[in-house]
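[1] the amino acid sequence is not available; the structure is as follows:
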């Protein structure tokens, strides 16, 4: 795991010294707090950048792309930065029509590749509904608004909430959806798309998984989005996913709202 996901647990001081103002323990605690704050910022930048990069590649996407690329360049060198750099380079050098076509091909629910994470919870509509409601409840408790047309389980919405909304609740949602992220990441790698690198970066921001979570991520294809539900997936070709009304990078803008903007018109 790279330094973007390493917990700052070292240097907490020994007995009798921890937290002593001006003493060795106090210095160590202050240093640990500083490392934790820097890590939290790196994780937030990574998640917000990923939320933008997973958006439909329309004019607004390309307007934001240089800002995202600069933010990614500020992440310490490592696997996370390398993954996002790779995608930014691809998006920067690919003509808009070609990238739009690639996006529509990649995120095709008929091929079991969708950014709507609840579709990976299995074929039972009740389970998908519960996952949607769980995410929506988290947004409501945090006072985070998701605009009309944006579903609560869309990965870009969850990422932006984790980056700019309630960090703890957002990370809890991502951990809850970890098996879904693993299945989506595997499908994107199998398809050979550079979008898989964005998923790689997102997964690297998550805390270490336990044995039970790893087993859940290895569930068979029966747990993947059922093909018969593909027609109901709003993330098909020509429909952009939700994206922030702000500039697209942590620290830019403060409106706590995720929305569907740009690309083909959204009702």
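    Looks like it arrived, so ask away. Just so you know, these numbers come straight off a predicted model, no measurement behind them. Numbering: from 1, shown residues only.
[2] CA atoms for contacts and neighbours, from now on please.
    OK.
[3] tell me which helix or strand residue 187 sits in.
    Per DSSP states H and E, residue 187 falls inside helix 178-191.
[4] identify each buried residue in that helix, please.
    For helix 178-191, the neighbour count (16 or more other C-alpha atoms under 10 Å) marks 178, 179, 180, 181, 182, 183, 184, 185, 186, 187, 188 as buried.
[5] can you list the weak-confidence ranges in the chain?
    For the chain, the stretches with pLDDT under 70 are 1-25, 122-123, 148, 210-267.
[6] can you show me the helices along it?
    24-53, 59-73, 79-93, 96-106, 125-142, 155-164, 167-176, 178-191, 195-204, 211-217 (DSSP state H).
[7] highest average neighbour count across those helices: which stretch is it?
    helix 155-164 (a mean of 27; mean count of other C-alpha atoms under 10 Å).
[8] now the angle from that one to helix 178-191?
    Using axes from the mean of the first three to the mean of the last three C-alpha atoms, to 10 degrees, the inter-axis angle of helix 155-164 relative to helix 178-191 is 120 degrees.
[9] other SSEs contacting helix 155-164?
    Here helix 155-164 touches helix 24-53, helix 167-176, strand 242-244, strand 257-260, going by 3 or more C-alpha pairs under 8 Å, 6 or more residues apart in numbering; DSSP states H and E.
[10] now with 10 Å, please.
    When contacts are defined as 3 or more C-alpha pairs under 10 Å, 6 or more residues apart in numbering; DSSP states H and E, helix 155-164 packs onto helix 24-53, helix 125-142, strand 145-146, helix 167-176, helix 195-204, strand 242-244, strand 257-260.
[11] quick revisit: by how many degrees do the helix holding residue 187 and helix 195-204 diverge?
    If you take the same axes, to 10 degrees, helix 178-191 sits at 150 degrees to helix 195-204.
[12] helix 178-191 vs helix 96-106, what angle?
    Using the same axes, to 10 degrees: helix 178-191 against helix 96-106 is 120 degrees.
[13] and the angle for helix 178-191 with helix 167-176?
    60 degrees.
[14] export the helices and strands packed on helix 155-164 as CSV, with columns for distance to residue 74.
    As requested, those are exported to CSV (distance: least, C-alpha to C-alpha, whole Å):
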stretch, distance to residue 74
helix 24-53, 9
helix 125-142, 28
strand 145-146, 29
helix 167-176, 20
helix 195-204, 15
strand 242-244, 21
strand 257-260, 24
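[15] now flag whichever of the buried residues of helix 178-191 is closest to residue 126.
    Nearest to residue 126 out of the buried residues of helix 178-191 is residue 180 (C-alpha to C-alpha; 16.4 Å).
[16] next, count neighbours for the residue nearest to that closest one when sequence neighbours are not counted.
    What sits nearest to residue 180 in space, not counting adjacent residues and going by C-alpha to C-alpha, 6 or more residues apart in numbering, is residue 120, at 5.3 Å. By other C-alpha atoms under 10 Å, the residues close to residue 120 number 26.
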